[in-house]
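[1] no sequence on this one, just coordinates:
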């Protein structure tokens, strides 16, 4: 039960706490993107070889009311999953991240676990963001052990913008 509560808290808290139209939420960037480039272990676990669209949330570390960790989350009609770099920021090198998701059940794998996902940001423009960033942010990255699947590697692209 604790795993489920933790996973639900990370994913749903990051993805579903949408501000109202009149509510500013500094440091919370939202937009859309695609996950693509699913390798064979991903396809063997049920992912297609086609790109998959998602609503994307990005919460950069220590921006606005954000915690001292980077978070990126993906939400579709049927699944949600998020990746957090505990007490740190994403970089252009693969780093272990805590991943949580809700698929057919809720799950979570901490970044210190031997099967932790690894995430890297290949490109982000603008690179340095803060609560005053008004223009859209384009993010391109890769994830190893995606969606809790050992050996499943993907790429993603997203464009997010801070709600004003």
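    Received, thanks. As the structure is a computational prediction, the values presented were derived from the model and not from experiment.
[2] so where do the helices sit in this structure?
    With DSSP state H applied, the chain shows helices at 2-15, 40-44, listed in chain order.
[3] helices or strands next to the shortest one in the packing?
    Other helices and strands packing on helix 40-44, by 3 or more C-beta pairs under 8 Å, 6 or more residues apart in numbering; DSSP states H and E, are strand 153-162. Just so you know, the C-beta spots here come from the backbone N, C-alpha and C atoms, and that holds for glycine as well.
[4] buried sites along the strand it packs on?
    For strand 153-162, the neighbour count (16 or more other C-beta atoms under 10 Å) marks 153, 154, 155, 156, 157, 158, 160, 162 as buried.
[5] what do you get for stretch 117-133?
    117, 118, 119, 120, 121, 124, 129, 133.
[6] returning to that earlier point: which of the helices of the chain has the lowest mean pLDDT?
    Note on those: lowest mean pLDDT is at helix 2-15, with a mean of 49.
[7] for the protein, where's the lowest mean pLDDT among helices and strands?
    None of the helices or strands of the chain scores lower by mean pLDDT, DSSP states H and E than helix 2-15, at a mean of 49.
[8] one step back: mind checking which of the buried residues of stretch 117-133 are in strands?
    Among the buried residues of stretch 117-133, the members falling in strands (DSSP state E) are 117, 118, 119, 120, 121, 124.
[9] could you dump those residues to JSON lines with pLDDT?
    Output for those, formatted as JSON lines (pLDDT from 0 to 100):
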{"residue": "117", "pLDDT": "96"}
{"residue": "118", "pLDDT": "97"}
{"residue": "119", "pLDDT": "98"}
{"residue": "120", "pLDDT": "98"}
{"residue": "121", "pLDDT": "98"}
{"residue": "124", "pLDDT": "97"}
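[10] wait, which of those is closest to residue 49?
    residue 117 (20.5 Å; C-beta to C-beta).
[11] quick one: residues contacting the closest one.
    By C-beta atoms under 8 Å, 6 or more residues apart in numbering, residue 117 lies in contact with 83, 96, 97, 99, 109, 111, 143, 144, 145, 146, 148.
[12] how about 6 Å then?
    By C-beta atoms under 6 Å, 6 or more residues apart in numbering, the contact set of residue 117 is 97, 99, 143, 145.
[13] then residue 54?
    With contact set as C-beta under 6 Å, 6+ apart, residue 54 has these partners: 33, 74, 76.
[14] neighbour count added to these, as CSV?
    As requested, the contacts of residue 54 are exported to CSV (neighbours: other C-beta atoms under 10 Å):
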residue, neighbour count
33, 23
74, 27
76, 12
